[in-house]
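Peer 1: heads up, no residue letters with this:
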DNA sequence: TCAAAAGTGTTCAGCTTACACCCATGA
DNA sequence: TCATGGGTGTAAGCTGAACACTTTTGA
């Protein structure tokens, strides 16, 4: 290699979220007894960044076709002493129903799902990275249909609303208004099946594949 | 250096916008007679990414204190043949009033300001990068006060509205409603000075340093 | 006194919010 | 028939779009 200049190490890290047990969970890999880290690693020679992120994801979760999006690149020199480390961070969303082992704790493996609301000690700045990813996820589900990526193929409106409330950490969504907005958005189609619940059975819906979620120009400001 | 794996080249590129002559302009550096590129270069050994972007900016524009924000990292292997190139792209906004030479064309220098609405042939995927930056800028000015970074310290409401209309490429903003929204946002303070115009003089305003532009939770969707 | 540009008020439609109500099922 | 959760309708209030209007300057 012709490397006159000092080339920095480049990694990808992936913040993988899933919804499980009425909680938002993030995929973490054990470093040692006390410390955890995000799934991640070096980018291979002829690999794209997204490709590398996807590889990490498949290795750790066994799932390949997922919502995957680049978030931010962290690269301040103080992240790690005596070395430069650049991390390109990706956000991934996986429905728990698509995880081979579900999101149950499998203590044998070095990978585990942790509630974002109760994180263990984390490597380097991975805690800050997860916070950032969570913030971005919260924005994302409000102006796009990203939340559907965290639900099974078919779901009830209550389950969808729960997903929003868990992610936003906000219990105050009004049921009637939530449903009305979805009806008007026209992005759901009902299936002629029902989910058994404690009371009246709930209609099942699915996301319309052909839905064009046209985010109207917003003009919050000015 | 201990480099068992092939380390990729990492660059920063900066998309610098300014407003000038009723047009949105981007800073470009000449590659050769026919081709232009974004200001950018390799990241130095112990330099942060943002630091490197700022260095590029000072070298090319002479301005240091600016709005500077990371946008995206481009790193597909097909960007450049027989080599891997990762570009961390930053967005910068500079008010033309702060440019040492203004934004007039200075043909002697290799740096020139080009209208984003009439770009010359560009290196690699720099055209796509500028498009992306413009899209992000348009979102940004609608939910933050970023547009002020492109205006002089003191400005008239008309100039502010013009800035929005130029950037959004949309002439249909209503004057009365635009002003009402700004008044209610409470982020401007009037100076007791006026700008001479063709007709009635226009009051000058400035951005309130203490303004907390609280972007209210939006809930477009659901 | 007229043109040009600054600056304001008012209406109406549509959307959001809050809340009350009815429905279907199992125990 | 009661508890549980699913599902809907509507009035009050707020917001945004459209547009007409007044004010201040220079020529």
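Peer 2: Thanks, I have it. Please read these numbers as outputs of a predicted model, since none were measured by experiment. Numbering: from 1, shown residues only, chains lettered A, B, ... in the order given.
Peer 1: I'd like the distance from the residue nearest to residue A:171 when sequence neighbours are not counted to residue B:32, if you could.
Peer 2: Once its chain neighbours are removed from consideration, residue A:171 has its nearest residue in residue A:165; the separation is 5.6 Å (Cβ to Cβ, 6 or more residues apart in numbering or on different chains). Placement of C-beta: from N, CA and C, glycine included. As judged by Cβ to Cβ, to the nearest Å, residue A:165 and residue B:32 stand 57 Å apart.
Peer 1: Isn't residue A:67 up against residue A:149?
Peer 2: Yes - taking contacts as Cβ atoms under 8 Å, residue A:67 lies within contact range of residue A:149: 4.1 Å.
Peer 1: quick one: the closest residue to DNA strand D within chain A from residue A:158, how far?
Peer 2: In chain A, the residue that lies nearest DNA strand D is residue A:199 (2.0 Å; Cβ to the nearest atom of the strand). Taken as Cβ to Cβ, the spacing of residue A:199 relative to residue A:158 amounts to 11 Å.
Peer 1: More neighbours: these two, which one.
Peer 2: Neighbour count, other Cβ atoms under 10 Å in any protein chain shown: between residue A:199 and residue A:158, residue A:158 has more, with 14 against 6.
Peer 1: Measure how buried residue A:143 is and give me the count.
Peer 2: Residue A:143 is flanked by 16 other residues according to other Cβ under 10 Å.
Peer 1: all strands for chain A, in order.
Peer 2: A:9-20, A:23-30, A:36-37, A:40-42, A:67-74, A:85-93, A:111-115, A:154-155, A:188-195, A:202-207 (DSSP state E).
Peer 1: Relative to residue B:27, which of those is closest?
Peer 2: For residue B:27, the closest of the strands of chain A is strand A:67-74, at 21.5 Å, according to Cβ to Cβ.
Peer 1: Please name every helix or strand in contact with that closest one.
Peer 2: Using 3 or more Cβ pairs under 8 Å, 6 or more residues apart in numbering or on different chains; DSSP states H and E as the contact criterion, the neighbours of strand A:67-74 among helices and strands are helix A:49-61, strand A:85-93, helix A:126-143, strand B:67-74.
Peer 1: what comes up buried for that strand?
Peer 2: Neighbour counts over strand A:67-74 (16 or more other Cβ atoms under 10 Å in any protein chain shown) mark A:68, A:70, A:71, A:72, A:73, A:74 as buried.
Peer 1: and that strand, how far out from the chain's middle?
Peer 2: On the basis of Cα atoms, centre = their mean, to the nearest Å, strand A:67-74 sits 10 Å off its chain's mean C-alpha point.
Peer 1: Mind listing residues that contact that strand?
Peer 2: Contacts of strand A:67-74 with the rest of the structure, by Cβ atoms under 8 Å, 6 or more residues apart in numbering or on different chains, involve A:14-15, A:49-50, A:53-54, A:57, A:86-94, A:125, A:129, A:132-133, A:136, A:146, A:149, B:49, B:70, B:72-73, B:88.
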